[in-house]
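Colleague: below: sequence and its predicted model.
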Amino acid sequence: MITIYGRATSGNVQIAMWAIGELGLKHERLDVGGKFGGTDTPQYATMNPNRLVPTMKDGELVLWESAAIVRYLAATYGSDTFWPKAPAARARADQWAEWTKTTFQPTFISGVFGPLVFTPEAKRDPAAIAAAAAKVKPLAGMIDAHLAELPYVGGNELSFGDCIFGTVLFRYFTLDGFERAETPHLRAYYDRLTERPAYRQHAMVEYDSMRAR
Ligand SMILES: N[C@@H](CCC(=O)N[C@@H](CS)C(=O)NCC(=O)O)C(=O)O
């Protein structure tokens, strides 16, 4: 039995949960973080010294960092397509996973999503949001060009790399208040993801409850 500590509304928890859903793993998810609290206890800090979510427990193993959790789950429980055996094939998916975590996710979440969702309208800085959205545009264009050639980030099959990248797209495509690039291939990819039951359940999680009023 795998335990995930983390609220369903956390984008990083969603990354781990979508992978768990795709792999059909027996699990429990405990509401921790955000309005639920629970990350400031000494016990939680022994599992995750960052005091962030998600944290995963599988038997004796305790792990934090959503992408590391997905890689562990994929390597341990995934098929040869979800966790490609060949290093070159795996690295192709991993390249986009790393890019998500170092580039796309911080640029979009910190620069656009956070300011639009976590900041009350009266306190927003529209120029800063527009500048951040302008930085997201070429990134969206980059992955759009890649997805023009291949249906999934690593190739012809869904892999761990899609769980790390694709989760953020629900927020990217449903958030109002910023200008998106024209990305027909990225949009088609997102539409394909929304047909997957595990994506619908774990990645398409409302964020209205987190809005600053
Ligand atoms: N790089 C970490 C980031 C974890 C993180 O920033 N988690 C946020 C939620 S998305 C968090 O714990 N926020 C405080 C809270 O929910 O209490 C990961 O990918 O797991």
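Modeller: Received the coordinates, thanks.

Colleague: for residue 3, give me phi and psi.
Modeller: Main-chain dihedrals, residue 3, degrees, to the nearest 10: phi -110, psi 130.

Colleague: for it, which non-adjacent residue is spatially closest?
Modeller: Setting aside the residues directly before and after it, residue 3 is nearest to residue 57 in space (C-beta to C-beta, 6 or more residues apart in numbering), at 4.3 Å. Backbone N, C-alpha and C define where each C-beta goes, glycine included.

Colleague: check residue 108 too.
Modeller: residue 136 (5.0 Å).

Colleague: for the one you found, pull up the helix or strand it's in.
Modeller: In the assignment (DSSP states H and E), residue 136 maps to helix 126-149.

Colleague: again, but for residue 29
Modeller: Per DSSP H and E, residue 29 falls inside strand 27-30.

Colleague: please identify the buried residues of that strand?
Modeller: Using 16 or more other C-beta atoms under 10 Å as the test for burial, strand 27-30 gives 27, 29-30.

Colleague: again, but for stretch 164-184
Modeller: 164-172, 178, 183.

Colleague: now do the same end-to-end measure for it.
Modeller: End-to-end distance of stretch 164-184 (C-alpha to C-alpha, to the nearest Å): 20 Å.

Colleague: that one close to the ligand?
Modeller: No: judged by C-beta under 6 Å from any ligand atom, stretch 164-184 and the ligand are separated, with a smallest distance of 8.9 Å.

Colleague: do the same with stretch 200-213
Modeller: No: contact of stretch 200-213 with the ligand (C-beta under 6 Å from any ligand atom) is absent, the minimum separation being 9.6 Å.

Colleague: just give the number of residues close to residue 141.
Modeller: Counted with other C-beta atoms under 10 Å, the neighbours of residue 141 add up to 15.

Colleague: was I right to think it contacts residue 183?
Modeller: Yes: using C-beta atoms under 8 Å, residue 141 is in contact with residue 183, at 6.5 Å.

Colleague: who are the contact partners of residue 171?
Modeller: Residue 171 sits next to 11, 108-109, 113, 207 when contact means C-beta atoms under 8 Å, 6 or more residues apart in numbering.
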